[in-house]
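In: okay, sequence plus prediction incoming.
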Amino acid sequence: MSESLYHPTSREIHAKRKSLVPHVHDAFEAFSKAVFAEGALDEKTKQLIAVAVAHTTQCPYCIQGHTRLAHRAGATDEQVMEAVWVAAEMRAGGAYAHSTLALEVLEGLQDK
């Protein structure tokens, strides 16, 4: 299979997305800039958080983009990979935590 499910973005796609609903597009870009601006957390930390979240949401565009931005903000390869491992633990942790639901059902089935 040579064609990817996730097509690369392009300037044309960006322009089309913006032209369809420009005020929402501009608001989204302003929001994104505000979120990643230096604040209580520095840009590198915010980008590492974004790398982790992108892995939990499994967005390939976000993974690629925020990995680049984290690196540009000074994150090391090791820091990026640690962020990925945090995401992996959180995703696995959710399954572990939610196992209480399955155990509750099984306990209810034994009572019948």
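Out: Received, thanks. Numbering: from 1, shown residues only.
In: now do the lengthiest helix in the chain: which elements does it pack against?
Out: Counting by DSSP state H, the longest helix found in the chain is helix 77-110. Judged by 3 or more C-beta pairs under 8 Å, 6 or more residues apart in numbering; DSSP states H and E, helix 77-110 is in contact with helix 43-57, helix 60-72. Heads up, the C-betas are built off the backbone N, CA and C, glycines and all.
In: go with 6 Å
Out: helix 43-57 (3 or more C-beta pairs under 6 Å, 6 or more residues apart in numbering; DSSP states H and E).
In: hmm, back to that, list the buried residues of the longest helix of the chain.
Out: Within helix 77-110, the residues that count as buried by 16 or more other C-beta atoms under 10 Å are Q79, V80, A83, V84, V86, A87.
In: turn these into a markdown table, columns for distance to H25.
Out: Formatted as a markdown table, those follow (distance: C-beta to C-beta, whole Å):
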| residue | distance to H25 |
| --- | --- |
| Q79 | 31 |
| V80 | 28 |
| A83 | 28 |
| V84 | 30 |
| V86 | 31 |
| A87 | 28 |
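In: any regions of this protein where pLDDT drops low?
Out: 1-2 (pLDDT under 70).
In: quick one, domains of it?
Out: What automatic domain parsing lists as the domains of the chain is 10-39, 40-112.
In: of these, which is nearest E3?
Out: Closest to E3 of these, according to C-beta to C-beta: domain 40-112, at 14.3 Å.
In: start to end distance for the closest one?
Out: When the termini of domain 40-112 are compared using C-alpha to C-alpha, to the nearest Å, they are 54 Å apart.
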